[in-house]
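Student: my questions are about this predicted structure, shown below with the sequence.
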Amino acid sequence: MTSVVKLEKEEVINGCEAVARAVMLADVDVIATYPIRPYTEVMDIVQKQIADGQMDAELIHAESEHSQFEIAKHASACGARSFAGSSGTGWLYGTEAIVITATDRLPVVAMVGNRSLDDPGAFGVEHNDALIDRDIGWMLVWVDSQQEALDTTLIAYRVAEDPSVMLPCAVATDGAFLTHSTALVRVPDKSLVDKFLPPYNLGNRVLHPDNPVSVAPQVDQDWVMELRKQNDEAMKRSKGVIRKAYAEFYEIFKRGDPQSPFIEEYMTDGADYVLVGMGTLSSPVKVAVRKLREKGEKVGFVRVRWFRPFPAEDLRKSLAKFKAVGVVDRDYSFGSPNYGGILYNEVRSTLYSLPNRPSVICLISGLGGREVSADNAVEMFRAVEQAYKKNNMDVEAKWIGLRE
Amino acid sequence: MSEQAQVSSVKNVEFHYRGIIQKLLAKKTCRDILLAARSEGKVGVTYGRYGDAPERDGVPSKYFSVMAGHDQELEAELTKYAADNVNISIVPDDTMIKGVEPWAWHGILPIHQALKENGFMIVVSNRSPQELLKHIAKRDRPYKLCIIRGEASFAGLWVYNDDLTEERVLGAIAKVAPEIYTINALEKLFADRSHAEQRMAAARDAYDNCLVMEVGPGMGSDWYHPEIIKPKWWEMPEGIMVPGVPYGQRNPQFKRWTNRTVRPIVDFDKCIKCTLCWIECPDGAFDVTKDGYYPVNYEYCSGCGICSRVCPIKGCIEMVDELVFPDLNEHYGSWKSNREEYSKWIRQKKEEAGMVV
């Protein structure tokens, strides 16, 4: 324990700086950049780290997000550890290259500084940008603190580059609340990170004059299904690798949640009603849980860290214990079942196979970066309880914090 | 009779065509086959299938016309990706009889791979059945070879070559398969079109004069192209990665010779070793010998003719009809062993191909 403390330095940094520190510590070779708030600050800090001689990397400033992700993808194919990132509509503009990164099985790590999609222009957080890529073979992980942003970026490289996985990974950080708020963050020494993160090795797939290979030629209907199956299996295998990575991370840094890397359960013992959500809304919900627990109410919170691979087994085990669940979506999926959000429909379908499944409702909140207050969270618990008591769970999503 | 009721009313016509240069011919002929059959009460669809992203100059491709007596039988037939048991197979360019690679990565397949037992293969050719059978693979099931006299009809992607090839093919079908449509159906089909009489005369000429020959089991040439076995998902390299071919070797999965209607013949006596053919060949089909010559590898040459156009020496590289050559062997060795014989051989091949020598 003492040795870890000595090898770590406490800094007051925001979420962007925390990710930039991780990029430095992971000794990333190629960073592709294009500005869009809130991601922009990661780019700024990485540039400064390079300019200050703190890290040695090739930083390529692209003319668009599309080129940015093409650069990261190609660098990764050449055996360079690569990093990119974006937010909101910029992340979507990179989509073609982002999709190919996954289908070509290149372990790029990217930061999504979650931002609402245009229009209207808004800097605030919504999760729809990263969730656009939920189906195409990117691993997606949400963090709720600056420390977790740093740690998870390191873990993302460890998992993505595992030879049995080789899938890209996006670290989703809530815009403004996390990206632009500072906190006390323990920044480890590179010697510790080196123990955790082996060098990137693409093996015989590397694009190099000494290793002539073709990547992604045109194929036809006789080949595509087999290739999709390979992605499917890699995503399945990633679950075991994530568990192992959190255990190893804990061994070295004495931090994190090695027992439960995929979900965080907060005060769920004996709970009747729980909320489920991702990212920084954990803090108002946790405040509300403590408040209600003080009054003797049996409530709790389950935070989903990894959205892809989706922790179906963990959630079944956890949520089966409760009477009713409210899924808080900081996203929307217009026209979806019960007009709910994306997380809601994933959680609900996950629970379908349980013999005694809890009831589930959807609570849409905090869109466009709107504050989710502790009172909003209390309101959510009330909505869950009420729906359960009225035995009316198959209701349309409730919008919490909406002026009406 | 119950047995009678089980007989399928489905009729499949397969149209082999060369990508781009016969695309309109294929599309138009297959539609007109269906229109003719429709006028005699059938229902049907036509569809194209191609393998090479999506099709390029000369790449063997397929178009189909599928007809049936009623909708449900037709629907059942259309659950297949492509018809695999065709009544009639049309080959509008006789150089395709050597074999085709209709779908990329499938390997080279015999021209009659999908033809039913006793089905008809209609070939547009000026050659005799015996000459054609030197190049057509043997098979166990008998079939019938039907020849319509003529040259292969080539055009462009947007240009239709209205040289009555289509009408002659339609006439031959009426002859060999009146159960699909009769010759009378073509009268109706052409009635509203320009030059209706000429079209009908061409159809009737093929109807009256096409040559039909039974091809028994075992008749034809030996087939020596390996079968491609497609790997299981876990046998394939991950990351859509194809290992490169070591220097000096060629990729066995990218043989593009079935694109070819003519092949370049190099008269090594005239070669000045300028390297232009080798440099300009888009398929890298030229080998390099120790003494600085550039023989063609005929498994990889797609017959584009660029080498013959960039060669600065008159008569050094000339494009010659593919069907006067029995195999894909290189020619450099025979030139090395006997230059005089080689010179005679070139002359003879050009004569066989009908070129002025």
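Tutor: It's in. Keep in mind that this is a model prediction, so the values were computed, not measured.
Student: just the element for residue A:47, please.
Tutor: Using DSSP states H and E, residue A:47 sits in helix A:40-51.
Student: next up, phi/psi of the closest residue to residue A:97 other than its chain neighbours, please.
Tutor: Leaving aside its sequence neighbours, residue A:97 sits nearest to residue A:69 (C-beta to C-beta, 6 or more residues apart in numbering or on different chains; 3.5 Å). In short, each C-beta sits where N, CA and C put it, glycine included. Main-chain dihedrals, residue A:69, degrees, to the nearest 10: phi -80, psi -30.
Student: residue A:69 contacts residue A:32, doesn't it?
Tutor: Yes - with contacts counted by C-beta atoms under 8 Å, residue A:69 reaches residue A:32, the gap being 7.0 Å.
Student: need the contact list for the residue nearest to residue A:97.
Tutor: A:32, A:84, A:86, A:94, A:97-98, A:101, A:108, A:110 (C-beta atoms under 8 Å, 6 or more residues apart in numbering or on different chains).
Student: quick check: of these, which lies closest to chain B?
Tutor: Taking C-beta to the nearest C-beta as the measure, chain B lies nearest residue A:101 of the contacts of residue A:69, at 10.8 Å.
Student: now the helix or strand that the closest one is a member of: buried residues?
Tutor: Per DSSP H and E: residue A:101 is located in helix A:95-103. Of the residues in helix A:95-103, A:97-103 count as buried by neighbour count, 16 or more other C-beta atoms under 10 Å in any protein chain shown.
Student: export the residues you listed as CSV, with columns for pLDDT.
Tutor: CSV is the format used below for those (pLDDT from 0 to 100):
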residue, pLDDT
A:97, 98
A:98, 98
A:99, 97
A:100, 97
A:101, 98
A:102, 97
A:103, 96
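Student: tell me the one among those residues nearest to residue B:14.
Tutor: residue A:103 (33.4 Å; C-beta to C-beta).
Student: what sits against the closest one?
Tutor: Residue A:103 sits next to A:136-137, A:216, A:227, A:231, B:240 when contact means C-beta under 8 Å, 6+ apart.
Student: what's the local residue count around whichever residue of chain B sits closest to chain A?
Tutor: Residue nearest to chain A within chain B: residue B:244 (2.8 Å; C-beta to the nearest C-beta). Residues near residue B:244, counting by other C-beta atoms under 10 Å in any protein chain shown, number 13.
Student: which residue is nearest the middle of the chain?
Tutor: All of this is about chain A. Nearest to the geometric centre of chain A sits residue A:141, at 2.0 Å (C-alpha atoms, centre = their mean).
Student: wait, chain B
Tutor: So for chain B, C-alpha atoms, centre = their mean, it's residue B:96, sitting 2.7 Å from the centre.
Student: would it count as being in a helix?
Tutor: Yes - the assignment for residue B:96 is a helix, going by DSSP: H, G, I helix; E, B strand; the rest coil.
Student: next, the contact list for it, please.
Tutor: B:16, B:18, B:60, B:111, B:258.
Student: which one of these is nearest residue A:337?
Tutor: Closest approach between those and residue A:337, by C-beta to C-beta: residue B:60, at 47.9 Å.
Student: identify the residues contacting the closest one.
Tutor: B:16-19, B:96, B:100-102, B:258-259 are the contacts of residue B:60 under C-beta under 8 Å, 6+ apart.
Student: ok, now residue B:315?
Tutor: B:267, B:270.
Student: chain B contacts on chain A?
Tutor: A:103-106, A:166, A:204-205, A:211-223, A:225-227, A:229-230, A:233-234 (C-beta under 8 Å from any C-beta of the partner chain).
Student: just the buried ones from those?
Tutor: Looks like those have A:103-106, A:166, A:205, A:213, A:215, A:219-220, A:223, A:226-227, A:230, A:234 buried, using 16+ other C-beta under 10 Å.
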